[in-house]
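Undergrad: make a model of this:
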Amino acid sequence: MPITATTVRYIKLGRGGRWEKISLERGELHFGHGKVPHELALAGDREKIKKLRIEQGRDPQAAAEDAREVLDFYRLGADCLWITFAQDHLWWTFAEPEVTWLGIGDGHGERMRRSIGGWRNKDIEGVPLRIDSLATKLTKVASYRRTICAVEAEEYLLRRINGIVEPLVVKSNHVRDAFLEVTTEAIASLHWADFETMADVIGITTTMRPATASRPAPFPPAASIVQRLQRRPQLAQAAGGLSDKSASRNEP
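TA: Take a look at the predicted model:
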């Protein structure tokens, strides 16, 4: 069944990833902001949270962002897709709505939500979601300096999680296949002399020319073109027919 989500959020699991291990191993989402009481967060009063953070020394803009993050963690439901980046992979999960207060302590966040089914770092087909295989438009969110934020590349993210090939890749594959098909037909219709002309046009000649200042090294013979073509299954039949013709031309 395809993965869908009404909202998507990136979460940084602790400053410097200090809660990554416990979160990934236990299937939990650990979150901080320990100076905001659990009861106040449950009440969901954005202005009161902002006011408290200002009283605690935060500037108004930072206090507003603190309130937003706290309310996202408390209010977003089980249909919110959470992602994070750790151990060279993208990880994703959904979470139970209930928030558990853990308090101040070492090795864990001040509050926590349990994931639904644990954190996953593979798509639904079982292919690992390595960071180096993902587009920058998604991975750039890992550089976000705060803790929770929306993900701009939602559609791309869901396609990758669902193992769907990018539309542009599909289109380029169709174009490539069409090009190879036309090229195969064109080469198959060439007389060997025309093939030699084509080889000259694309920068490869059958004549071994001496090296000069303008031509530092000779080009490979036409046989090498055939060998290259034979490595492509789509062109093998056409190339095979050309091999004999090219060889017969070089006979004394």
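Undergrad: can you give me the end-to-end distance of stretch 186-197?
TA: 13 Å (Cα to Cα, to the nearest Å).
Undergrad: equivalent analysis for stretch 83-94, please.
TA: One end of stretch 83-94 to the other measures 9 Å (Cα to Cα).
Undergrad: in that stretch, what's buried?
TA: 83, 84, 85, 86, 89, 90, 91, 92, 93, 94 (16 or more other Cβ atoms under 10 Å). Every C-beta, even on glycine, is put in place using the N, C-alpha and C of the backbone.
Undergrad: need the pLDDT of residue 192.
TA: Here, the pLDDT recorded for residue 192 equals 72.
Undergrad: on that earlier part again, and of the buried residues of stretch 83-94, the nearest to residue 181?
TA: Proximity of those to residue 181 (Cβ to Cβ) peaks at residue 90, which lies at 36.4 Å.
Undergrad: what values do phi and psi take at that closest one?
TA: phi -90, psi 130 (degrees, to the nearest 10).
Undergrad: residues in contact with it?
TA: Taking Cβ atoms under 8 Å, 6 or more residues apart in numbering as the criterion, residue 90 is in contact with 83, 84, 121, 129, 130, 131, 134, 138, 139, 160.
Undergrad: ok, it to residue 133 distance?
TA: Residue 90 sits 9 Å away from residue 133, going by Cβ to Cβ, to the nearest Å.
Undergrad: can you check residue 96 too?
TA: 30 Å.
Undergrad: likewise for residue 79?
TA: 27 Å.
Undergrad: again with residue 74
TA: For residue 74, the distance to residue 133 equals 33 Å [Cβ to Cβ].
Undergrad: the two: which has the busier surroundings?
TA: residue 74 (19 against 12; other Cβ atoms under 10 Å).
Undergrad: so what secondary structure elements neighbour the host helix or strand of residue 52?
TA: Assessed by DSSP states H and E, residue 52 sits inside helix 46-55. On a contact count with 3 or more Cβ pairs under 8 Å, 6 or more residues apart in numbering; DSSP states H and E, helix 46-55 meets helix 38-43, helix 60-75.
Undergrad: pull the residues that contact the longest strand along the chain.
TA: Scanning the chain for the longest strand, with DSSP state E as the assignment, gives strand 111-120. Under the criterion Cβ under 8 Å, 6+ apart, residues 23-24, 27-33, 38, 41, 73, 78, 82, 84, 91-102 lie in contact with strand 111-120.
Undergrad: would you show me how to pick out the buried ones of those in ChimeraX?
TA: Here is the ChimeraX command that selects the buried residues among those (16+ other Cβ under 10 Å):
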select :23,24,28,29,30,31,32,33,38,41,73,82,84,91,92,93,94,95,99,102
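Undergrad: among the contacts of strand 111-120, which lie within strands?
TA: Going by DSSP E, the strands hold 28-31, 82, 84, 91-95, 100-101 from those.
Undergrad: out of the buried residues of stretch 83-94, the closest to residue 1 would be?
TA: residue 94 (13.1 Å).
Undergrad: what are the bridge partners for that closest one, then?
TA: Beta-bridge partners for residue 94, by DSSP bridges, are residue 116.
Undergrad: who's in contact with it?
TA: Residue 94 is in contact with 5, 78, 79, 80, 81, 82, 115, 116, 117, counting by Cβ under 8 Å, 6+ apart.
Undergrad: can you check residue 142 too?
TA: 10, 85, 131.
Undergrad: got the contact list for residue 84?
TA: Contacts for residue 84 (Cβ under 8 Å, 6+ apart) come out as 10, 11, 12, 13, 20, 23, 90, 91, 119.
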